[in-house]
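>>> fold the following for me, if possible:
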Amino acid sequence: MSCRISELVLNCADPERLARFWSEVLGYVELDREDGAIEIGPPDAGFGDLQPTIILSPSSNPRVGRLPLHIDVNPVDRDQDAELERLLSLGARPADVGQAGDAQWHVLADPEGNEFCLLRKQLEP
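Just a heads-up that it's a prediction; the model follows:
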């Protein structure tokens, strides 16, 4: 018997803002709301499906910046440069974590400063 990831929980100051941001980034939709938290996930799935959902949980003291765990994303319908432009237009911003200038990925921060990486390889939608 084994486990698999069913949800990722991100404590944040503004769940509405981050739910909008991450839904746009990932093509997710709102699945549920409870006690100020917003759960988002793939439109054709939900909790317990193969892809984990994300819960944006309100917190008066969220950790931001370099977290012990971060999210990596890959483009699915465009190249990395075009996806970088899209993410920046949604509110992501470049983040410096000491990476070398020749990295094949981009380190970004979401609107609350949580770091994530945009990888190069294009995946199937």
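>>> check contacts around the residue nearest the centre of the chain.
Nearest residue to the geometric centre of the chain (CA atoms, centre = their mean): Trp22, 5.1 Å. By CB atoms under 8 Å, 6 or more residues apart in numbering, Trp22 lies in contact with 28, 40, 54, 56, 110. For every residue, glycine as well, the C-beta is placed using N, CA and C.
>>> wait, doesn't the third one sit right on Glu30?
Translated: Ile54. No - applying CB atoms under 8 Å, one finds Ile54 not in contact with Glu30, separated by 10.7 Å.
>>> picking that back up, ok but the residue nearest to the centre of the chain is inside a helix, no?
Yes - with DSSP: H, G, I helix; E, B strand; the rest coil as the criterion, Trp22 is part of a helix.
>>> contacts only, for Gly14.
No, residue 14 isn't Gly; it's Asp. Contact analysis of Asp14 by CB under 8 Å, 6+ apart lists 111-112.
>>> look up how far Ser89 lies from it.
19 Å (CB to CB, to the nearest Å).
>>> and Asp72, by the same measure?
20 Å.
>>> likewise Ala82?
Taken as CB to CB, the span from Ala82 to Ser89 is 11 Å.
>>> ok, now Phe116?
Phe116 is 16 Å from Ser89, where distance means CB to CB.
>>> looking at these two, which one has more neighbours?
Ranked by neighbour count (other CB atoms under 10 Å), Phe116 and Ser89 place Phe116 first, with 19 against 9.
>>> tell me what the more buried one is bridged to.
When bridges are called by DSSP bridges, Phe116 pairs up with Ile71, Leu108.
>>> and it, what does it touch?
70-73, 92, 107-110.
>>> need those residues in CSV (columns: neighbour count, pLDDT and distance to Ala45).
Formatted as CSV, those follow (neighbours: other CB atoms under 10 Å; pLDDT from 0 to 100; distance: CB to CB, whole Å):
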residue, neighbour count, pLDDT, distance to Ala45
His70, 13, 82, 23
Ile71, 17, 88, 18
Asp72, 9, 91, 20
Val73, 19, 94, 17
Ala92, 20, 97, 24
Val107, 17, 91, 28
Leu108, 21, 93, 25
Ala109, 19, 94, 27
Asp110, 23, 94, 22
